[in-house]
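Asker: With the sequence up front, the predicted model follows.
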Amino acid sequence: MMNEILKPETLNIPTPSDFSFEECLAHLMRSEQETVHQVTDHSIYKAIKIDDDEPILFIIDWKPDALHVRFPFTTPSAKQKEQTASFIIEWFDLTTDLNGFYELAKHDPILSPIVQNHYGLRIMGIPNLFEALTWAIIGQQINLTFAYTLKKRLVEKYGDFVEYEGKKFYTFPSFEMVASLTTDDLRALQFSTRKAEYIIGIAQLMQGGKLDKDLLFKLETFEQKHLYLTTIRGIGPWTADYVLMKSLQESSAFPISDVGLHNALKKQLNLDRKPTMDELKELAEKWTGWQAYATFYLWRSL
DNA sequence: GACCAGGATATAG
DNA sequence: CTATATCATGGT
């Protein structure tokens, strides 16, 4: 049909009934310095690479009950459409059934009000494993504002981009690119020497085929994945949990030492101090299987 | 001007 | 094994 040909390439991705696009948007808009996506007037703009090709830009809008995806810049192949769809499904964690978590939260005085305020929020992931690892390492022990500054410098210097309507849309730097850098290259962006070593080391590990998502997926248990990650230099318990939560969709991942988590609990429990490790463990017992969602909602409460 | 940031490691005791 | 210094710099 004629208008079938003229119709721009689009993609429709159904969303669950308890999905809140606005809550997810609020998460994506939390930093002015974000460089790997942009939100304008309730539309999300993002560029990704598929098969190491040129970046593909897509725009996501939401209308009940689906995400509508446009490709303004390219006419995507069937494969590109398919990969974009899988990326978005992972990004918004659309396959997780949240009923278990919401049921649990009803009986939890800490989570209950947060879930009410942010109902429909899903864990916004970082499907790209190298990006998740790098972002976690950047965020170690520094405030989020500075972390975003460092990420912005890295992305704008070593990422690729496409231009659309006068704006640049960056993809996160590839591990191949970062594997070829020296620590001085990252020191120039004000990374600490240690973090530069960690990030380049991980990039080289990935380039050598010794670390990727498939490899982690093949490990049977959560503990095995966690152990595999923490044997890598620069990846401690917090980073492993953060990455398992944001990139591997492990709902049991629990960055228990996270400062933001501590501050959120301090606020919710009206404490004049941060919770102790014993208190954290006791609270989290009720969250078994949903620690990642409990953490993500607590972060949101800050 | 301390002190803390979405920690991890190297080194010392 | 546990304790402590170190990292780089922005925000408070």
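Answerer: Yes, it's here. Numbering: from 1, shown residues only, chains lettered A, B, ... in the order given.
Asker: The stretch 1-150 of chain A against DNA strand B: which residues are in contact?
Answerer: Within reach of DNA strand B by Cβ under 7 Å from any atom of the strand, the stretch 1-150 of chain A has these residues: A:Gly139, A:Gln140, A:Gln141, A:Ile142, A:Asn143, A:Leu144, A:Phe146, A:Ala147. (C-beta placed from N, C-alpha, C; glycine too.)
Asker: Neighbour-wise, which one of those residues leads?
Answerer: The most neighbours of any of these, using other Cβ atoms under 10 Å, belong to A:Gly139, which has 21 neighbours.
Asker: In contact with it, which residues?
Answerer: Remark: with contacts taken as Cβ atoms under 8 Å, 6 or more residues apart in numbering, A:Gly139 is in contact with A:Ala147, A:Tyr242.
Asker: coming back round to it: let's have the residues of the stretch 1-150 of chain A next to DNA strand B in JSON lines, adding pLDDT.
Answerer: Putting these into JSON lines (pLDDT from 0 to 100) gives the following:
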{"residue": "A:Gly139", "pLDDT": "95"}
{"residue": "A:Gln140", "pLDDT": "96"}
{"residue": "A:Gln141", "pLDDT": "93"}
{"residue": "A:Ile142", "pLDDT": "94"}
{"residue": "A:Asn143", "pLDDT": "93"}
{"residue": "A:Leu144", "pLDDT": "94"}
{"residue": "A:Phe146", "pLDDT": "94"}
{"residue": "A:Ala147", "pLDDT": "95"}
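Asker: Redo those residues as JSON lines? Include secondary structure.
Answerer: As requested, these are arranged in JSON lines below (DSSP: H, G, I helix; E, B strand; the rest coil):
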{"residue": "A:Gly139", "secondary structure": "coil"}
{"residue": "A:Gln140", "secondary structure": "coil"}
{"residue": "A:Gln141", "secondary structure": "coil"}
{"residue": "A:Ile142", "secondary structure": "coil"}
{"residue": "A:Asn143", "secondary structure": "coil"}
{"residue": "A:Leu144", "secondary structure": "helix"}
{"residue": "A:Phe146", "secondary structure": "helix"}
{"residue": "A:Ala147", "secondary structure": "helix"}
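Asker: Tell me the first helix or strand C-terminal of the longest strand that chain A contains.
Answerer: Using DSSP state E to assign secondary structure, the strand with the most residues in chain A is strand A:56-63. Of the helices and strands lying after strand A:56-63 in sequence (DSSP states H and E), the nearest is strand A:66-70.
Asker: Run me through the strand neighbours of that following strand, direction for each.
Answerer: Using DSSP bridges, strand A:66-70 pairs in its sheet with strand A:10-14 (antiparallel), strand A:56-63 (antiparallel).
Asker: which other residues reach the first one?
Answerer: For strand A:10-14, the external contacting residues (Cβ under 8 Å, 6+ apart) are A:58, A:65-71, A:81, A:84-85, A:88-89, A:94.
Asker: So of those, which two are at opposite extremes in space?
Answerer: The two members of the contacts of strand A:10-14 with the most space between them (Cβ to Cβ) are A:Asp65 and A:Phe71, at 21.6 Å.
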